[in-house]
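Asks: Output the structure for:
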Amino acid sequence: MIKNILITGGSGFIGSNLAIKLIDKGYKLTVFDNLSTQIHGKNPDKTSPLYKSIKGKVNFIKGSVTSIQCWKKAIAGQDAIIHMAAETGTGQSMYEIKKYIDVNIGGTGIMLNILANKLHTIKKIVLASSRAVYGEGKYECTEHGVVFPKTREDSDMSNKSYYCKCPICHEKVLLLPTSEDSKIHPSSIYGITKQSQEQIVLTMGKSLGIPSVAFRYQNVYGPGQSLSNPYTGILSIFSKQIKNGNNIKIFEDGKESRDFVFINDVVDATILGIEKDEANYEVFNVGADNPIDIITVAETLRQNFNSNIEIKVTGNYRLGDIRHNYADLNKIQSVLGFIPKWNFKKGSAVFTNWVNSQELQEDMYEKSIKEMESKGLYK
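Replies: Numbering: from 1, shown residues only. Okay, the predicted model is just below:
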């Protein structure tokens, strides 16, 4: 029976919401987190609503997943591990390669090494993976059927040709929902690290007889999402720009799309992974099953905030970005009974109401763009 649960990265956006829900269900929680300044600010007791939401409710261990001693302390006496600790900025991963590999792959390796070589009480591992493992999603070519386009070329995007092409005939292709059996070909270092995490967790879980499951989250959003991190969370990034009175600059032609899934749905899906044996040794998509283009996101937020800022489609682009990807949810629905309850209209309204209740955050987005531009990754 699972009673004691360790959440690595449990002070993060998903982790803290998950911890609160699990406490409400009667589980005993330990959170293992380094309280990254990029997410929680310089003084988490004052600057991080995420950390404050769980403080005093969980056994908290401050430390890094790159530390063997921290891992040993965190794992002791636990029944299950929900491994969420990770560096998560897709763009940032393209120039902070070592940090992403050390934390995401190295940290996971330390966890599994302990489980393989030390006595423990772990009965299940749940891994927070990402839609980034797919790279571009699944498409259909009128001549060649289901295809998986390659990473878009710099030469094409510099000529404002942003669409994906059939890898065989190079004609335009039609977007399809991406299922778990789709081709895995990540286009960022972040995506590569999540793919590696999946492989080593599921491989070692089976080898050690520890039921393991991986959830490939789409773009998660909702109240509590960090408003200080300029590298991830497009709704937070746009909201900060709007609240600071800055115009929104949209990449490409603005028609690139993502699957935005509300935090409550992500928490519910993840708990199914802990509680249902049917999840064991499987990989599941978690999304809202509905692609929304970035112009629509910006316009929805502008309307919700009752703002008159300008939305500018710039034609600029980031190398490594995908064009489209949204989740096929047939597997998680049939195996675990998960059906998302939140649509984007409802979820974005709740999110913007929460943003309005928060202190104004400095808009650091332009700084992050300049960093990418200096590395030749933003054009």
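Asks: Which parts of stretch 166-182 count as buried, going by neighbours?
Replies: 166, 173, 175-180, 182 (16 or more other C-beta atoms under 10 Å). (Each C-beta comes from the backbone N, C-alpha and C, glycine too.)
Asks: Mind checking which of the residues you listed are in strands?
Replies: residue 175 (DSSP state E).
Asks: Now do the phi/psi pair for the closest residue to residue 125 other than its chain neighbours.
Replies: With C-beta to C-beta, 6 or more residues apart in numbering as the criterion, residue 125 has its nearest non-adjacent residue at 4.3 Å, and that residue is residue 212. Phi and psi for residue 212, reported as degrees, to the nearest 10, are phi -130, psi 150.
Asks: Just after the longest helix along the chain, pick out the following helix or strand.
Replies: The single longest helix within the chain, with elements called by DSSP state H, is helix 189-208. Downstream of helix 189-208, the first helix or strand assigned by DSSP states H and E is strand 212-217.
Asks: Quick one: name whatever helix or strand follows that next one.
Replies: strand 219-221.
Asks: what helices or strands is that following strand leaning on?
Replies: With contacts defined as 3 or more C-beta pairs under 8 Å, 6 or more residues apart in numbering; DSSP states H and E, strand 219-221 has these neighbours: helix 234-243, strand 257-262, helix 263-275, helix 344-356.
Asks: that older thread, count of neighbours near the residue nearest to residue 125?
Replies: Neighbourhood size, residue 212 [other C-beta atoms under 10 Å]: 26.
Asks: shouldn't it be in contact with residue 205?
Replies: Yes: the criterion here is C-beta atoms under 8 Å, and residue 212 meets it with residue 205 at 2.9 Å.
Asks: who touches both of these two?
Replies: Common contact partners of residue 212 and residue 205 (C-beta atoms under 8 Å, 6 or more residues apart in numbering): 125, 281.
Asks: Quick check: bridge partners of residue 221?
Replies: residue 262 (DSSP bridges).
Asks: any idea how far it lies from residue 232?
Replies: The gap separating residue 221 from residue 232 is 11 Å, by C-beta to C-beta, to the nearest Å.
Asks: The two: who's more crowded?
Replies: Each of residue 221 and residue 232 has its neighbours counted (other C-beta under 10 Å); residue 221 has more, 27 against 22.
Asks: I'd assumed residue 350 was in contact with that one.
Replies: No: with contacts counted by C-beta under 8 Å, residue 221 stays clear of residue 350, the gap being 9.8 Å.
Asks: For these two, list the residues in contact with both.
Replies: Counting by C-beta under 8 Å, 6+ apart, the common neighbours of residue 221 and residue 350 are residue 262.
Asks: ok, so what distance separates the spatially closest residue to residue 339 that is not a sequence neighbour from residue 151?
Replies: Using C-beta to C-beta, 6+ apart and skipping the chain neighbours, the partner closest in space to residue 339 is residue 333 (5.9 Å). Counting by C-beta to C-beta, the gap from residue 333 to residue 151 is 30 Å.
Asks: Likewise for residue 62?
Replies: 38 Å.
Asks: Please say which of those two ends up with more neighbours.
Replies: For residue 62 versus residue 151, the count of surrounding residues by other C-beta under 10 Å is larger for residue 151: 17 against 12.
Asks: so that one sits right up against residue 157, yeah?
Replies: No: if you go by C-beta under 8 Å, residue 151 and residue 157 don't touch, sitting 10.5 Å apart.
Asks: so which of the helices and strands packed on strand 219-221 gets nearest residue 366?
Replies: helix 234-243 (9.3 Å; C-beta to C-beta).
Asks: next SSE after that closest one?
Replies: Helix 234-243 is succeeded, C-terminally, by strand 248-250 (DSSP H and E).
Asks: May I have the distance across stretch 221-228, first residue to last?
Replies: By C-alpha to C-alpha, to the nearest Å, the extent of stretch 221-228 from end to end equals 14 Å.
Asks: same deal with stretch 317-336?
Replies: 38 Å.
Asks: If we go by neighbour counts, what in it is buried?
Replies: Neighbour counts over stretch 317-336 (16+ other C-beta under 10 Å) mark 317-329, 331-332, 336 as buried.
Asks: Check stretch 298-314 too.
Replies: Across stretch 298-314, burial judged by 16+ other C-beta under 10 Å covers 298, 300-302, 304-305, 307, 309, 311, 313.
Asks: In strands only, show me those residues.
Replies: Of those, the ones assigned to strands by DSSP E are 311, 313.
Asks: Make CSV out of the buried residues of stretch 298-314 and add pLDDT and distance to residue 265.
Replies: Shown next, in CSV, are these (pLDDT from 0 to 100; distance: C-beta to C-beta, whole Å):
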residue, pLDDT, distance to residue 265
298, 97, 22
300, 97, 18
301, 97, 20
302, 97, 24
304, 97, 19
305, 96, 23
307, 96, 27
309, 94, 29
311, 96, 27
313, 96, 30
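Asks: and which of the buried residues of stretch 298-314 is nearest residue 83?
Replies: Using C-beta to C-beta, these come closest to residue 83 at residue 301, 31.5 Å.
Asks: Name the nearest residue to the closest one, sequence neighbours excluded.
Replies: Residue 301 sits nearest to residue 238 (C-beta to C-beta, 6+ apart), 5.2 Å away.
Asks: Show me where the stretch 51-200 of the chain dips below the pLDDT cut-off.
Replies: Scanning the stretch 51-200 of the chain with the threshold set as pLDDT under 70 gives no residue ranges.
Asks: quick one, strands of it?
Replies: Assigned by DSSP state E, counting those that start in this stretch, the strands in the stretch 51-200 of the chain fall at 59-62, 80-83, 124-130, 139-141, 145-147, 174-175.
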